[in-house]
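Trainee: my questions concern the predicted model and sequence given below.
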Amino acid sequence: MLKLNAKKQKKGDNMKQEEKNIIVTTLITIFIFNLFPTIAKFYPSIMSIYMVFLGLIAINSAYCFLICMVYSLKEGYKWYLPFLTGLLFIPTMFIFYDISSIVYIALYIFVGCVGNLIGGLISDYIHKTKA
């Protein structure tokens, strides 16, 4: 009975840690998605329209790939993470862009799925070789 309670306690601690990691990941994602267009809005002479689209395509996509891969390396494969990162772009889309930017949500989800899959496979491989 005591061992069962200890296992439940350990699982509860892991869930709390995972919730903290998701909150931190969410906050960092919101910051990254809003950073580039905010700079472009305050310094329009420095940032041209091409640089904004470079941020949409290259920087945000690379971020989605990396955050999903790193998170799944640490926590294992999480199916919801790419969808979370993609859907967190919706407020940024309505604040800084227009509805035509909706295609980037699908891009971020796809790139996040690839990163999540790669990180999950590496994580599984590492755990199998340790055992």
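Mentor: Everything's here; your move.

Trainee: CA only for contacts and neighbour counts going forward, please
Mentor: Fine.

Trainee: so what's Ala92 up against?
Mentor: Careful, residue 92 is Thr and not Ala. Thr92 is in contact with Phe33, Asn34, counting by CA atoms under 8 Å, 6 or more residues apart in numbering.

Trainee: only C-alpha atoms, please: export stretch 55-62 in CSV.
Mentor: Extracted C-alpha coordinates of stretch 55-62, given in CSV (Å, rounded to 0.1, in the frame of the first residue of the first chain):
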residue,chain,number,x,y,z
GLY,A,55,10.1,36.1,-39.7
LEU,A,56,6.9,34.3,-40.5
ILE,A,57,8.5,31.6,-42.6
ALA,A,58,12.0,31.1,-41.3
ILE,A,59,12.2,32.2,-37.7
ASN,A,60,8.8,31.0,-36.4
SER,A,61,9.1,27.7,-38.3
ALA,A,62,12.5,27.1,-36.9
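
Trainee: distance from the chain centre to that stretch, please.
Mentor: Distance of stretch 55-62 from its chain centroid, counting by CA atoms, centre = their mean, to the nearest Å, is 12 Å.

Trainee: average pLDDT for that stretch, rounded please.
Mentor: Across stretch 55-62, the average pLDDT comes to 89.

Trainee: tell me which residues of that stretch come out buried.
Mentor: Residues of stretch 55-62 classed as buried by neighbour count (16 or more other CA atoms under 10 Å): Gly55, Leu56, Ile59, Asn60, Ser61, Ala62.

Trainee: next: stretch 65-76.
Mentor: Neighbour-count burial for stretch 65-76, with 16+ other CA under 10 Å as criterion, is recorded at Phe65, Leu66, Ile67, Cys68, Met69, Val70, Tyr71, Ser72, Leu73, Glu75, Gly76.

Trainee: mind checking the longest helix of the protein?
Mentor: Scanning the chain for the longest helix, with DSSP state H as the assignment, gives helix 2-42.

Trainee: quick one: mean pLDDT over that helix.
Mentor: The average pLDDT within helix 2-42 is 77.

Trainee: ok, and for stretch 82-93, which residues are buried?
Mentor: Across stretch 82-93, burial judged by 16+ other CA under 10 Å covers Pro82, Phe83, Leu84, Thr85, Gly86, Leu87, Leu88, Phe89, Ile90, Thr92, Met93.
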